[in-house]
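**Q** structure of the sequence below:
(chains A and B)
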Amino acid sequence: MIYQGKQKIWSDYQKEIPADHWFYVRSCIRQSFFPGSERQFLAISRDLLGHDIYETAHHTTCGGIAYHSDVIPQETAMTIVARQFALMTEAGYRNLVASCITSFGNYTETLETWREFPELEARVREHLWKACRREFEKPEYVAHASDLIYKYRGEIAARAKFRLVDKATGEPLRVVEHIGCHYSKMFPHKGVGGAEYPCVLSGMAEAWGGQVIDYPERRHCCGFGFRQYLVKANRGYSLSNTHKKFESMEPFHPDLIITNCPGCPYFLDRWQYVISEQTGKTYGRNGYGIPVLTYEELAGLVLGVDPWDLGLQIHQVAVEPLLDKMGVPYDPARKYLGLNEKEIMRPGLPSVLRCC
Amino acid sequence: MIDFGFNLAPSSAVNLDEIDLSRYRALLRMEPDARICMGCGSCTATCTAGPFSGMSVRKVLLALERGQHVEVNRMLEGCMLCGKCMMVCPRGINTRHLILSLCRIKQEENYD
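**A** Numbering: from 1, shown residues only, chains lettered A, B, ... in the order given. Just a heads-up that it's a prediction; the model follows:
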């Protein structure tokens, strides 16, 4: 699209993001899928940049995963959300930052629903009081953790040890950015850049030296879609969605994919293995796949954190080709060494997809 | 091959650089109103033939834009030209005439 037009759309969808004093709520599943990501978010925002990010061990799921899987009704999900708000209020915070895109969508949807139907908010307050004798103030700002990293992208770039540049050729790496559907497709004004042209990830990639690829199915779902995957009979839909995206991005030869959702990196990463087994096709060079990273993992790599401390060995698609391109040093012998240098289990190797 | 218990479905992606849009363009020349269709589906909802023959004016226009001529031909054969769709179109498109024009294009260009 015309560059000036894109700039205008982006200026219409700018979001106010306070830099400091956030109450952090984690994702249900990210620590299992990508164990270094949330830790890295705290390491960057709290330890490196010195911002006030608070979390409590008392917070639970936001209920979004059950809500979108049709397991619980919206009123139950809202009561769980209200409890999170109560924890935030008790801790003395007014800004809430969620690690998970679905949580972010769930918090936003709850607040917007209460704005439209105040009587529902009153009922949920009653439910919460009856359930656990808690009261809450609504947050002033709700952000996704990628909004904060987007805000800090310049500070990260200033401290970068590696850039998204091919060390051998000096060319910028070609980056596919994939944004979770619940980030801004439901409420475009709540995301940086709106639903059509969100710049939350592309802004990071460009700030760190990469070149963002615009491909036809850029805004297509990753394929998770909750019920598409959770019901085994529907998993063909999930796989086909992901396949459609890879077929669409393949001609642009991406070097990596970055995502800001718990489900997207998981499915874009793992389905590459299933597609390779079913069709014999891989999308990277020399039989490798396209590495899929979370934005925290990428920020960690840019800042020079050891790839194995970021948990990149947990990925299905080997990240070594990307590390080689960026010039990030790594010790292959340490790949499957966990804490205290103890060996963790090694995965079996796929028959088609090449892994290191 | 590993049996995962589920399979890839054929892709429905359309590559606009590869499809044949000559028929759609010919229709737009004869029936410029085809451009103002918003795909609401009122025509489909009211179609008497639709439930029995698979006819759908909305799908005909969509298939034309996607260059799916076989589907268009199949649907055209199911139309009874009753004109109910024309009466309910919120954009006032003369859908009956549109179908007739499309049949004429098909006849002239000998699409199968």
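
**Q** could you use CA atoms for every contact and neighbour count after this?
**A** Will do.

**Q** need the residues of chain B near chain A, please.
**A** Neighbours of chain A within chain B, by C-alpha under 8 Å from any C-alpha of the partner chain: B:1-2, B:5-11, B:13.

**Q** from those residues, which land in strands?
**A** Using DSSP state E to define strands, no part of the residues of chain B next to chain A is located there.

**Q** residue A:294 pairs with what?
**A** residue A:259 (DSSP bridges).

**Q** give the contact list for it.
**A** Residue A:294 sits next to A:34, A:37, A:258-261, A:265 when contact means C-alpha atoms under 8 Å, 6 or more residues apart in numbering or on different chains.

**Q** what is the neighbour count of residue B:75?
**A** Other residues within reach of residue B:75, judged by other C-alpha atoms under 10 Å in any protein chain shown, total 20.

**Q** pull up the gap between it and chain A, please.
**A** 27 Å (C-alpha to the nearest C-alpha, to the nearest Å).

**Q** now that residue: phi and psi?
**A** phi -70, psi -40 (degrees, to the nearest 10).

**Q** can you tell me the closest non-neighbouring residue to it?
**A** residue B:55 (4.6 Å; C-alpha to C-alpha, 6 or more residues apart in numbering or on different chains).

**Q** how near is the one you found to chain A?
**A** When residue B:55 is compared with chain A (using C-alpha to the nearest C-alpha), they lie 26 Å apart.

**Q** and the contacts of residue A:294, which is closest to chain B?
**A** Relative to chain B, the closest of those is residue A:265; by C-alpha to the nearest C-alpha it sits at 19.2 Å.

**Q** SS state for the closest one?
**A** helix (DSSP: H, G, I helix; E, B strand; the rest coil).

**Q** does it touch residue A:293 like I think?
**A** Yes: with contacts counted by C-alpha atoms under 8 Å, residue A:265 reaches residue A:293, the gap being 6.5 Å.

**Q** quick check: neighbours shared by the two?
**A** With C-alpha under 8 Å, 6+ apart as the test, residue A:265 and residue A:293 both reach A:258-259.

**Q** neighbours of the residue nearest to residue B:75, how many?
**A** 24.

**Q** which element is residue A:119 on?
**A** Using DSSP states H and E, residue A:119 falls within helix A:118-132.

**Q** which neighbouring elements make contact with whichever helix or strand comes after that helix?
**A** Sequence order places strand A:141-144 as the next helix or strand after helix A:118-132, per DSSP H and E. On a contact count with 3 or more C-alpha pairs under 8 Å, 6 or more residues apart in numbering or on different chains; DSSP states H and E, strand A:141-144 meets strand A:95-98, helix A:101-116.

**Q** by contact count, what packs against the shortest one?
**A** To tie it back to what came earlier, the one meant is strand A:95-98. strand A:22-25, strand A:141-144.

**Q** with mean pLDDT and mean neighbour count added, can I get these in CSV?
**A** What follows is the helices and strands packed on strand A:95-98, written out as CSV (pLDDT from 0 to 100; neighbours: other C-alpha atoms under 10 Å in any protein chain shown):
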stretch, mean pLDDT, mean neighbour count
strand A:22-25, 97, 24
strand A:141-144, 96, 23
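
**Q** any chance of those strands in a markdown table with distance to residue A:165 as columns?
**A** Shown next, in a markdown table, are these (distance: least, C-alpha to C-alpha, whole Å):
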| stretch | distance to residue A:165 |
| --- | --- |
| strand A:22-25 | 32 |
| strand A:141-144 | 27 |
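
**Q** and those: which comes nearest residue A:175?
**A** Closest of the helices and strands packed on strand A:95-98 to residue A:175 is strand A:141-144, at 21.0 Å (criterion: C-alpha to C-alpha).

**Q** for that closest one, C-alpha coordinates in PDB please.
**A** Output in PDB follows, covering the C-alpha atoms of strand A:141-144 (Å, rounded to 0.1, in the frame of the first residue of the first chain):
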ATOM      1  CA  TYR A 141      -4.700   1.300  31.100                       C
ATOM      2  CA  VAL A 142      -4.600  -2.300  29.800                       C
ATOM      3  CA  ALA A 143      -1.700  -3.200  27.600                       C
ATOM      4  CA  HIS A 144      -0.200  -6.300  26.100                       C
END
